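>>> what's the 3D shape of this:
(2 chains)
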Amino acid sequence: MTAPSEIRSLLTVITEAALENTLLHDFEGRGVHGCTVSDARGRGQRGVRDAAWGEAANVRIEVICRRECAEALLDHLQRHYFNNYAMVAFVQEVVVLRPNKF
Amino acid sequence: MIDVVVLFFLFGLLAGAARSELKLPAALYETLSVFLLLAIGLKGGEGLAKQAVLPLLPQLGSVILLGVAQTLIAYSLLRAVGRFDRANAASTAAHYGSVSVATFAVALNWLATRAIPFESQAAVFLAVMEIPAILVGIVLARGINRHTNWRRLAHETFLGKGVTLLLGSMAIGWLAGPDGLAPIKGVFYELFKGALALFLLEMGLIVSRHFGTLRQHGLFLVGFGIAMPLLSALLGLTTGIALGLSPGGVTLLVVLAASASYIAVPAAMRLAVPEANPALSLAASLGITFPFNLLVGIPLYHRLAVHFAGDSA
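I've put the predicted structure just below:
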């Protein structure tokens, strides 16, 4: 017997470490219950971001939530942060167990 | 003769400029910066325990004013001469009004190597001078309006890593006194130079990465990165003499005035003034001012301090 599964949205945001606390605070205020944060490295328009020290460090924030919630968060990111910060955000569909958790 | 710790910095700079594969783990840099802040705070707190604290309050007021004045001067220069827009001028000015712990640590080491005495409250100045420039910078960029989340900013500013560690370790040093600190002296005092050397190696690597931005933004940034610390040094010198500090103490205050932040201020400005380009202000403070102070500034500031404050000691 398999546990009940459902489709949810996985929102991934890769951005400057300086924004981590601000974003988590924003997300919490928009009904997100949990998320995963990890250090990230990479390069792009805004130069090499090698996670070596404060200013050049990147984080990856992952949130699993309902589609409409993910879209609202994306919209919020676009309005407040896309212009001035190094930021990539995207949404994928994922299959989750225990759907009431997300 | 250049201090050996500065040679480590030059080594890092050269290795970085030559695009060597050398890379220290990020956790080491973090660990060393925590270590240096703790060691500076402990030493300062230990010294403070030997003197009355109340007479220090007017001195703290003076160094706060010094930080505010530097930020305002830097802002006017950047606007008028550098033709910076408001956000970039305010953000860069805040870097120059604030202080660099690494520069201060090298100056401490420079004085200790030459057995030159200095006042213990210099560590308190370091903690206090980090903050005012950030607040002035934000007001210069934003004006005073309701959209700024002052509570969050105050939290980030006053409880940032640097200020917390300095104040905490100063309290420990003050409470424990020389006898209480004896068991941990081996780690925090004896290892200070070695840790500083490693830290400066990493700083050299970091600084070398900012040379690219300097090439793009040209001569003004280079000129500002050298002229501004010299101007601030004069303000610091005047303040130090007015406060009646010893030549060693004046030297440290001048170093604080002349140094530019590259950790606390960039992080705060990134949040408070997001439209400012962090590469610009960091290229000046890290790429020019930090090496300038290490290689030329510190010995020069000490000579000035001895020349002008030597007799009053």
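>>> get me the contact residues on chain B for chain A.
B:23, B:26, B:29-30, B:152, B:206, B:209, B:262-263, B:266-267, B:270-271, B:274-275, B:278-279, B:282 (Cβ under 8 Å from any Cβ of the partner chain). For glycine as for every other residue, the C-beta is placed from the backbone atoms N, C-alpha and C.
>>> in ChimeraX, select just the buried ones from these.
Applying 16 or more other Cβ atoms under 10 Å in any protein chain shown to the residues of chain B next to chain A, the buried members can be selected in ChimeraX as follows:
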select /B:26,29,206,209,262,263,266,267,270,271,274,278,279,282
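>>> list the buried ones in the longest helix seen in chain A?
Longest helix in chain A by number of residues (criterion: DSSP state H): helix A:67-80. Within helix A:67-80, the residues that qualify as buried are A:Cys69, A:Ala70, A:Leu73, A:Leu74, A:His76, A:Leu77, counting by 16+ other Cβ under 10 Å.
>>> quick one: low-confidence residue ranges for the stretch 51-200 of chain B.
B:145-148 (pLDDT under 70).
>>> and the residue of chain A nearest chain B?
Distance from chain B to each residue of chain A (Cβ to the nearest Cβ) is smallest for A:Asn84, at 3.7 Å.
>>> residues near that residue, how many?
15 (other Cβ atoms under 10 Å in any protein chain shown).
>>> how about B:Pro117?
11.
>>> can you check the one 10 residues further on too?
Around B:Ala127 sit 23 other residues, with neighbours defined as other Cβ under 10 Å.
>>> packing partners of the longest helix out of those in chain B?
Across chain B, the helix with the greatest residue count (assigned by DSSP H) is helix B:211-242. Contacting helix B:211-242 under the criterion 3 or more Cβ pairs under 8 Å, 6 or more residues apart in numbering or on different chains; DSSP states H and E are the following elements: helix B:56-80, helix B:86-97, helix B:247-258, helix B:278-282, helix B:290-292, helix B:298-309.
>>> how about a cut-off of 7 Å?
helix B:56-80, helix B:247-258, helix B:290-292, helix B:298-309 (3 or more Cβ pairs under 7 Å, 6 or more residues apart in numbering or on different chains; DSSP states H and E).
>>> most tightly packed of these?
helix B:247-258 (a mean of 29; mean count of other Cβ atoms under 10 Å in any protein chain shown).
>>> list of residues touching that one?
Helix B:247-258 has contacts (Cβ atoms under 7 Å, 6 or more residues apart in numbering or on different chains) with B:66, B:70, B:99, B:103-104, B:107, B:111, B:116-119, B:122, B:125-126, B:129, B:229, B:232-233, B:235-237, B:239-241, B:245, B:293, B:297-298, B:301-302, B:304-306, B:309-310, B:313.
>>> now swap in stretch B:276-283 and tell me
A:55, B:87-88, B:91-92, B:95, B:210, B:213-214, B:217, B:221, B:262, B:266, B:269-270.
>>> swap in 8 Å and give it another go.
The contact list for stretch B:276-283 (Cβ atoms under 8 Å, 6 or more residues apart in numbering or on different chains) reads A:47, A:55, B:87-88, B:90-92, B:95, B:141, B:210, B:213-214, B:217, B:221, B:262, B:265-266, B:269-270.
>>> with only the CA atoms kept, save stretch A:71-89 in CSV.
Provided in CSV are the C-alpha atoms of stretch A:71-89 (Å, rounded to 0.1, in the frame of the first residue of the first chain):
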residue,chain,number,x,y,z
GLU,A,71,2.8,32.1,-7.9
ALA,A,72,2.1,34.8,-5.3
LEU,A,73,5.6,34.4,-4.0
LEU,A,74,7.1,34.7,-7.5
ASP,A,75,5.1,37.8,-8.1
HIS,A,76,6.3,39.3,-4.8
LEU,A,77,9.9,38.5,-5.7
GLN,A,78,9.5,40.1,-9.1
ARG,A,79,8.1,43.3,-7.7
HIS,A,80,10.5,43.8,-4.9
TYR,A,81,13.8,42.2,-5.6
PHE,A,82,14.4,41.3,-9.3
ASN,A,83,15.6,44.8,-10.3
ASN,A,84,18.3,45.3,-7.7
TYR,A,85,19.5,41.9,-6.6
ALA,A,86,21.3,38.9,-8.2
MET,A,87,18.3,36.6,-8.2
VAL,A,88,17.0,33.6,-10.1
ALA,A,89,13.6,32.1,-9.2
